Each structure stands twice: as C-alpha cells, then as structure tokens.
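Colleague: Following is a predicted model, sequence given first.
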Amino acid sequence: MATTIDEVIISRRTVKPTNMNGQKIDNETIGELLQLADWAPTHGYTEPWYYVIFSGEKVQQFCNDHAELYRAQTPADKFLSGNYEKLKHQGDLASHVIAICVKRGNNPKIPVLEEIAAVACATENILLGATARGLASYWGSGGMTYHPAMHDYLGLGEEDQVLGFLYLGYTSEPVQAGRRLKPQAEKFKWM
Ligand SMILES: Cc1cc2nc3c(=O)[nH]c(=O)nc-3n(C[C@H](O)[C@H](O)[C@H](O)COP(=O)(O)O)c2cc1C
C-alpha cells in the first residue's frame with residue numbers, strides 16, 4: 001500500500017474494467033473520492049466538475065443505455081455488434097461508473113480550456129484517492145463519450161461537455177507495470 005503522495009502518484013495504474021473482479025465499493029468510499037475531487041484548483045472558483053454517479057443496479061442500466069445509444073446513433077452499415085456488446089458488458093465487473101463532465105459556469109472570462117483543465121485535476125484526485133484505498137480505476141473516453149446523444153442522456157447544458165467515464169472497482173490481478181514511451185527530455189525543458 002502506497003503511503004506517501006509520491007508513491008500514490010507513481011503507483012496509480014489504469015485497470016480495465018474487464019480486469020476488475022465484481023467486488024463492490026461502498027458508496028461512502030465513493031463519497032470520500034468525490035470530496036477529494038472537490039478540492040481541485042479552479043480559476044475564479046468556477047468549480048466546473050459535474051459527476052454523475054452510477055451505483056448498484058444503475059451501473060448495468062448505464063451500460064445498457066450506452067450500448068443502446070450506440071445502436072440508435074450508428075448507421076446500420078457502420079454498426080458493429082462487437083462494439084455494442086463491449087459497451088453493454090463494460091461494467092459487468094466494475095462497482096461504480098462515474099460520468100466525468102464539465103459544467104460551464106456563468107463567468108465568460110474563464111476560458112473553456114481552463115474549465116476542462118480543472119475537471120481533469122479533480123478527476124486525477126479521484127484516481128489518486130482510489131489508488132491510495134487499493135481500488136482499481138479506469139478513465140475511458142470510448143463509445144459514445146463525445147456524441148451529442150450522450151450529452152443529452154446526461155442532461156447537460158449547451159456549453160457543458162463529457163470528458164469520459166470512470167470505472168471503479170477492485171481487481172484480483174497484479175497491477176501492470178507502468179510505462180512511459182516519450183523520453184523525459186522531450187517533455188521537460190530546463191532553462
Ligand atoms: C482523458 C483520458 C481518456 C482516456 N481514454 C481511454 C480509452 O478510451 N481507452 C483506454 O484504453 N484508455 C483510456 N485512457 C487511459 C489511458 O489509456 C492510460 O492512462 C494510459 O494507458 C497510461 O496508463 P496508466 O494510466 O496506467 O499510467 C484515457 C485516459 C485519459 C486521461
């Protein structure tokens with residue numbers, strides 16, 4: 001178990017929902033993670049994160065709905081039954097699904113870019129809190145994430161955005177070693 005912030009950051013790894021084991025997280029713990037999200041920085045206290053939490057039987061409901069949105073919005077010649085089944089069963093072994101959304105405040109001086117950045121910070125807080133609690137997590141932006149039908153399904157306003165879905169649960173498998181592909185010299189320029 002990681003004990004310091006550095007260890008938690010370094011040890012956080014994506015665990016695909018198919019590698020989760022079906023064990024449930026209690027809603028209280030999810031509440032703690034949401035509290036961590038709420039302490040992310042924002043420009044101008046806009047606090048633009050908006051999370052829609054699917055728990056219990058709502059997880060399967062969400063996955064069914066996600067798959068049905070895909071079916072309804074995909075032309076017949078592009079529809080792939082494999083994609084449909086993947087979406088439908090993506091949460092089978094997860095405990096909770098959380099839709100990650102940006103709710104635009106009424107301060108037009110704050111660029112959308114900064115609102116998205118703030119929600120990403122908030123979401124990383126959730127991922128780190130999950131890691132520190134021994135939970136498995138996955139941030140996915142596949143399926144219908146960016147489709148207007150998903151935006152409507154989540155009841156978002158015109159300027160709001162969906163950034164993806166967090167799948168949370170437990171895993172029984174050893175967590176994969178982390179890897180980074182780009183040399184640090186390309187990412188950090190010391191002056
Ligand atoms: C905004 C965002 C969207 C992502 N979408 C996907 C996705 O659709 N499918 C996927 O396999 N992983 C997705 N990921 C997870 C990355 O694949 C993962 O973070 C990356 O492989 C690095 O692995 P690590 O998280 O274990 O360090 C996403 C991550 C972020 C931040």
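Modeller: Sure, I can see it.

Colleague: Please tell me how far the helix or strand that Glu7 is a member of is from the chain's geometric centre.
Modeller: Glu7 belongs to helix 5-11 when assigned by DSSP states H and E. Here helix 5-11 is found 19 Å from its chain centre; the criterion is Cα atoms, centre = their mean, to the nearest Å.

Colleague: what sits up against it?
Modeller: 2, 128, 131-132, 175, 178 (Cβ atoms under 8 Å, 6 or more residues apart in numbering). C-beta coordinates here come from the backbone N, C-alpha and C atoms, glycine included.

Colleague: Rounded mean pLDDT for the helix ranked longest in the chain, please.
Modeller: The longest helix of the chain (DSSP state H) is helix 112-132. Over the span of helix 112-132, the pLDDT mean works out to 98.

Colleague: and the residue most central in space within the chain, what are its bridge partners?
Modeller: For the chain, the residue nearest the mean C-alpha position is Leu166 (2.7 Å; Cα atoms, centre = their mean). Judged by DSSP bridges, the bridge partners of Leu166 are Ile98, Trp139.

Colleague: do Thr14 as well
Modeller: Following DSSP bridges, Thr14 is listed with bridge partners Ser137.

Colleague: Tell me how far it lies from Leu166.
Modeller: Distance of Thr14 to Leu166, given as Cβ to Cβ, to the nearest Å: 11 Å.

Colleague: Spit out the residues that contact those two alike.
Modeller: The contact sets of Thr14 and Leu166 overlap at 137-139 (Cβ under 8 Å, 6+ apart).

Colleague: could I get these as JSON lines with neighbour count?
Modeller: Shown next, in JSON lines, are the shared contacts of Thr14 and Leu166 (neighbours: other Cβ atoms under 10 Å):
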{"residue": "Ser137", "neighbour count": "27"}
{"residue": "Tyr138", "neighbour count": "23"}
{"residue": "Trp139", "neighbour count": "17"}
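
Colleague: and which of these is nearest to the ligand?
Modeller: Distances from the ligand to the shared contacts of Thr14 and Leu166, taken as Cβ to the nearest ligand atom, are shortest for Trp139 (4.4 Å).

Colleague: got the contact list for that closest one?
Modeller: Shown in contact with Trp139 (Cβ under 8 Å, 6+ apart): 14, 100, 123, 127, 164-166.
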